[in-house]
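J.: I need the structure of the sequence given here:
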Amino acid sequence: MSKFIKAALASSVLAASVMGANAAQAATASADARANILQQVTVTSDGSDLDFGTIVTGATASSVVISSAGALTCGTGLVCSGTTSAAGFDVTGTTGETVPVSSDSSVTLTGPSDTMSASLTPSASTITLDGTDGFTVGGTLSVGANQADGAYVGTFGVTVNYQ
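T.: Predicted structure coming up:
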């Protein structure tokens, strides 16, 4: 009889588990997949370099400033002449997006036998792209007392990127 009880008990457990499996219900849901594609942002020179013009040095150190708008301020004891300009850059990317603007903080200008340093100032820290985008970089050139004559040149970088 004990075999009979064990078999009956096993049958009832099997029947209960099959009936319980039918009683459970599954739930489902859905979600959207999204992507926002932006045109690659680019920055290029517009052909205008940061040009401090022609400078005649004096007996004391001074500075020459080209504002980011291109305005010249010639330091005490210096004589400034010639064409001057701020460096200009064009930016392209997705209209309506905001990009931060940065430049190197300074540039070293190297001449035939000496160097000079200029601190740099961009005209904007951010730009909201609208299809006609650009910015300029001005600077303050430190001219030494009796700075050695010659042509001085240096290269600096600028960066724009999506936020």
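J.: ranges for the strands of the protein?
T.: All strands of the chain, identified by DSSP state E, fall at 42-45, 54-56, 62-66, 72-74, 79-81, 87-92, 98-103, 106-110, 115-122, 126-128, 133-143, 158-160.
J.: list the helices and strands the longest one packs on?
T.: Under the contact criterion of 3 or more CB pairs under 8 Å, 6 or more residues apart in numbering; DSSP states H and E, the helices and strands touching strand 133-143 comprise strand 62-66, strand 87-92, strand 115-122. All C-beta atoms are positioned from the backbone trio N, CA, C, and that covers glycine.
J.: Thr28 is nearest to which of those?
T.: Nearest of the helices and strands packed on strand 133-143 to Thr28, taken as CB to CB: strand 87-92 at 44.9 Å.
J.: May I have the closest one exported as PDB, CA atoms only?
T.: What follows is strand 87-92 as a C-alpha-only set of coordinates in PDB (Å, rounded to 0.1, in the frame of the first residue of the first chain):
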ATOM      1  CA  ALA A  87      43.000  85.600 -37.000                       C
ATOM      2  CA  GLY A  88      39.700  84.500 -38.500                       C
ATOM      3  CA  PHE A  89      38.100  81.000 -38.500                       C
ATOM      4  CA  ASP A  90      35.000  79.500 -40.100                       C
ATOM      5  CA  VAL A  91      32.900  76.800 -38.400                       C
ATOM      6  CA  THR A  92      30.500  74.400 -39.900                       C
END
